[in-house]
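Asks: mind folding the following:
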Amino acid sequence: MERIDVSWTLLPAGLLMLRWKVDGASRLVAPPFAGKGRADNLWQHSCFELFLKGAGFAYREFNFSPSQRWAAYAFSAYRVGAGHLDVDTEPTISSEMGQRFFMFTAMLPVAVLKDAILAGLSAVIEEEGGHKSYWALAHAKGEPDFHQPESFALVVAGA
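Replies: Now for the predicted structure:
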C-alpha cells in the first residue's frame with residue numbers, strides 16, 4: 001500500500017458518505033461477498049472503520065467490510081462495554097478494484113453523527129500472504145489501536 005485517502009461527505013438525502021481510496025492496492029485482499037448484514041471480527045481482514053466520540057468517555061465504532069458485512073458497537077469508555085449498537089438503517093457498502101487502487105464506500109444515515117464531537121477514520125488492509133497494515137488519521141504511540149483517544153483526530157462539523 002502506498003497511501004489511503006478518505007473523504008467525508010454529507011449528502012442532501014440525509015446520508016453520510018465515507019469513501020476510502022487505497023493507492024498501490026495491487027496486492028490487497030478483499031473479502032468476497034458474504035451477504036449483507038451484521039458480523040463480528042471484520043477487522044481480521046480488510047476492513048474500514050469509523051469511530052465517533054461525544055462528550056465524556058463513551059464512543060461508537062462502525063466496521064465495514066468489502067464482503068458487504070458491517071458491525072456497530074457502543075463503548076462506555078476505552079474498550080469497555082462493547083455491546084452491539086442498534087441502528088435504524090443498515091449501511092450501504094460498495095467497492096471497486098482497479099489495477100492499482102481500491103475504492104471503498106460506506107453510506108450511513110447522518111443521524112449516526114448525533115452528539116459526535118470527534119471522529120476517527122481507519123482501515124485494516126490485508127495483502128496477499130496475510131500481511132496486514134493499519135492506517136488511521138492519527139495513531140497513538142505503540143501498537144496500532146484505533147480505540148485510543150489520540151485516534152479521534154477529526155473534529156465533527158457543527159459540533
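
Asks: after the least confident helix or strand in the chain by mean pLDDT, which helix or strand is next? Please name it.
Replies: Least confident element among the helices and strands of the chain, by mean pLDDT, DSSP states H and E: strand 83-84 (a mean of 93). Proceeding N to C from strand 83-84, the next assigned helix or strand is strand 92-97, under DSSP states H and E.

Asks: now that following strand: mean pLDDT?
Replies: The average pLDDT for strand 92-97 rounds to 96.

Asks: buried set for that strand?
Replies: In terms of neighbour count (16 or more other Cβ atoms under 10 Å), strand 92-97 has its buried residues at I93, S95. Glycine gets a C-beta too; all of them are placed from N, C-alpha and C.

Asks: which residues sit against stretch 38-49?
Replies: Residues outside stretch 38-49 that contact it (Cβ atoms under 8 Å, 6 or more residues apart in numbering): 18, 20, 28-31, 61-67, 69-72, 84, 90, 104, 106, 120-126, 146.

Asks: drop anything exposed from these.
Replies: Buried subset of these (neighbour count, 16+ other Cβ under 10 Å): 18, 20, 28-31, 61-67, 69-72, 104, 106, 120-126, 146.

Asks: which residues touch the closest residue to L118 other than its chain neighbours?
Replies: Nearest residue to L118, sequence neighbours excluded (Cβ to Cβ, 6 or more residues apart in numbering): F152, at 3.9 Å. Applying Cβ under 8 Å, 6+ apart to F152 gives the contacts F51, K53, Y59, L118, A119, G120, A138.

Asks: shaky segments in the protein?
Replies: Across the chain, the ranges flagged by pLDDT under 70 are 158-159.

Asks: find the centremost residue of the chain, please.
Replies: Central residue of the chain (Cα atoms, centre = their mean): E49, 1.2 Å from the mean position.

Asks: where's it, which helix or strand?
Replies: strand 47-53.

Asks: quick one: contacts of the next helix-or-strand element following that strand?
Replies: Next helix or strand after strand 47-53 toward the C-terminus (DSSP H and E): strand 59-64. Residues external to strand 59-64 that are found in contact with it (Cβ under 8 Å, 6+ apart): 18, 42-43, 47-53, 70-75, 82, 85, 91, 93, 104, 106, 108, 112, 116, 147, 152.

Asks: okay, now the sheet partners of the helix or strand just after strand 59-64, with direction.
Replies: Using DSSP H and E, the helix or strand that follows strand 59-64 towards the C-terminus is strand 69-75. Using DSSP bridges, the strands paired with strand 69-75 are strand 37-38 (parallel), strand 59-64 (antiparallel), strand 83-84 (antiparallel).
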